[in-house]
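Engineer: show me how the following folds:
(one chain, ligands or ions: 2)
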Amino acid sequence: MRRAVRSHPPAIAWMTLIACAALAGCGEPESGRQYPAAGPSATEPPSPPPPRDGFAVPDARTRVRAAGALAGLADGVRDAFAPGPGFIPIVPPGPGDWLAQHSEPGQTFDHYVASRPNRPGRGGRRAIYILPIGELGPAAPPLDLLAAFTRAHFQLPVRVLPPISVADTRARTRMQGERRQLLAPDLLEQLRTILPADAYALVGLTAVDLYPGPDWNFVFGMASFRERVGVYSIARYHPSFAGGGGKSPAAPWVLSRTLKVMAHEIGHMFGMEHCIYYECVMNGSNHLAETDRRPMNLCPVCLRKLHHAVGFSPRERYRDLGRFFRAFRLDSEAAWARARAAELSPPDPASPPPP
Ligand SMILES: [Zn+2]
Ligand SMILES: [Zn+2]
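Structural biologist: Ligands and ions are numbered 1, 2, ... in the order given. Next comes the predicted model:
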């Protein structure tokens, strides 16, 4: 989700903030949807906005057009952006799902290019940096795993910085019930001051809950497109957050949700908006069940946007992703990536031509 915070503390007036409830949405399983609103209490969720008039699922022609004109592209590249059997058109939202309550026109490839998004490489800035903020805890996926996925997904160098303690941040905190929260804009302000010279983006990752301002209950993450900094919390991805079970370290759904948040949120830092064309990791999501239904991959439209920003071989990218998924036993994702790579491979000259 892209939502400008309404009241910026003076210290963060420098940036256009985007609070992205995104993959895990503004919703929270145990407490209902939470929105910035006029409610005086930060602990009482204000009423959600009324459902909007129905979302019209784009038809096949609209989906093809959204990927832009493909004529003139090389074979293995053009085919990567065409509809194929591995991609599912977006399904109509159910009540409470993101697109049932948020009006999003969709960002076509042409709109994306016209928005003149940040692209890596300018000024030598190509690396994505991940900065752990405080202990991520035993339930969090290992940082080298997150870095490997981010590297394969974005096809850019990824570096993990030494962690900083929560005490070393200059972020304001507050208590929400028993839970400590960090003020996300303060973290972004600090990240901006330590952005490495070769960084395309600096992503702070924390297991502490975040809030974007006094009239919000929480936020999953927040980023500035133009300033190339973002901060995301994995606190609410583990069932233990809601008092449930799941105390086992690195439960599969925690891994899946965390990988999706890396792909989705860093995707926003490339200027990619929410996808309304296919089931796609760039879809908005209102609640964790909706997050869990989403695939981990980019659809053809969003893949073309990332290709425009970064430049890579789609086939090699799928191969890299396949290797990553296989190494970490994400078998269905590995099979999916392998199938996409095979579709983009030139025919084997040793094999006989089809009859
Ligand atoms: Zn989002
Ligand atoms: Zn998409």
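Engineer: direction included, what does whatever helix or strand Y200 lives in pair up with?
Structural biologist: Assessed by DSSP states H and E, Y200 sits inside strand 199-206. Applying DSSP bridges, strand 199-206 is found paired with strand 127-133 (parallel), strand 229-233 (parallel).
Engineer: which one of those lies nearest to R319?
Structural biologist: Nearest to R319, of all those, is strand 127-133, at 19.8 Å by Cβ to Cβ. No exception for glycine: its C-beta is placed from N, CA and C like everyone else's.
Engineer: check which element follows that closest one along the chain.
Structural biologist: Later in the chain than strand 127-133, the nearest helix or strand by DSSP H and E is helix 143-154.
Engineer: before we move on, the earlier item: any idea which of the strands paired with strand 199-206 has the lowest pLDDT on average?
Structural biologist: Lowest mean pLDDT of those: strand 229-233, a mean of 93.
Engineer: which SSE is immediately downstream of it?
Structural biologist: With elements assigned by DSSP H and E, the helix or strand that comes after strand 229-233 is helix 252-268.
Engineer: using CSV, list the CA coordinates for that following helix.
Structural biologist: C-alpha atoms of helix 252-268 as CSV (Å, rounded to 0.1, in the frame of the first residue of the first chain):
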residue,chain,number,x,y,z
PRO,A,252,7.6,-22.0,7.0
TRP,A,253,5.0,-19.2,6.9
VAL,A,254,7.4,-16.8,8.6
LEU,A,255,10.0,-17.5,5.9
SER,A,256,7.4,-17.2,3.1
ARG,A,257,6.0,-13.9,4.5
THR,A,258,9.4,-12.4,5.1
LEU,A,259,10.6,-13.3,1.5
LYS,A,260,7.4,-11.8,0.1
VAL,A,261,7.9,-8.6,2.1
MET,A,262,11.4,-8.2,0.8
ALA,A,263,10.3,-8.6,-2.8
HIS,A,264,7.2,-6.4,-2.4
GLU,A,265,8.7,-3.6,-0.3
ILE,A,266,11.9,-3.3,-2.2
GLY,A,267,9.9,-3.5,-5.4
HIS,A,268,8.2,-0.3,-4.2
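Engineer: quick one: it to chain centroid distance?
Structural biologist: Distance, stretch centre to chain centre, for helix 252-268: 6 Å (Cα atoms, centre = their mean, to the nearest Å).
Engineer: any residue of it up close to ligand 2?
Structural biologist: No: using Cβ under 5 Å from the ion, helix 252-268 stays clear of ligand 2, coming no nearer than 9.1 Å.
Engineer: any idea how far the strand holding Y200 is from the chain center?
Structural biologist: Relative to its chain's centre, strand 199-206 lies at 13 Å (Cα atoms, centre = their mean).
Engineer: please identify which of the strands paired with strand 199-206 is closest to ligand 1.
Structural biologist: strand 229-233 (10.8 Å; Cβ to the ion).
Engineer: before we move on, back to that, CSV please, covering the strands paired with strand 199-206 and showing mean neighbour count and distance to ligand 1.
Structural biologist: Converted to CSV, those look like this (neighbours: other Cβ atoms under 10 Å; distance: least, Cβ to the ion, whole Å):
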stretch, mean neighbour count, distance to ligand 1
strand 127-133, 21, 17
strand 229-233, 27, 11
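Engineer: can you say which of the ones you listed is nearest to P89?
Structural biologist: Closest approach to P89 among the strands paired with strand 199-206 is made by strand 229-233 (28.5 Å; Cβ to Cβ).
Engineer: now do the closest one against helix 252-268, angle only.
Structural biologist: Orientation check (axes from the mean of the first three to the mean of the last three Cα atoms, to 10 degrees): strand 229-233 against helix 252-268 gives 160 degrees.
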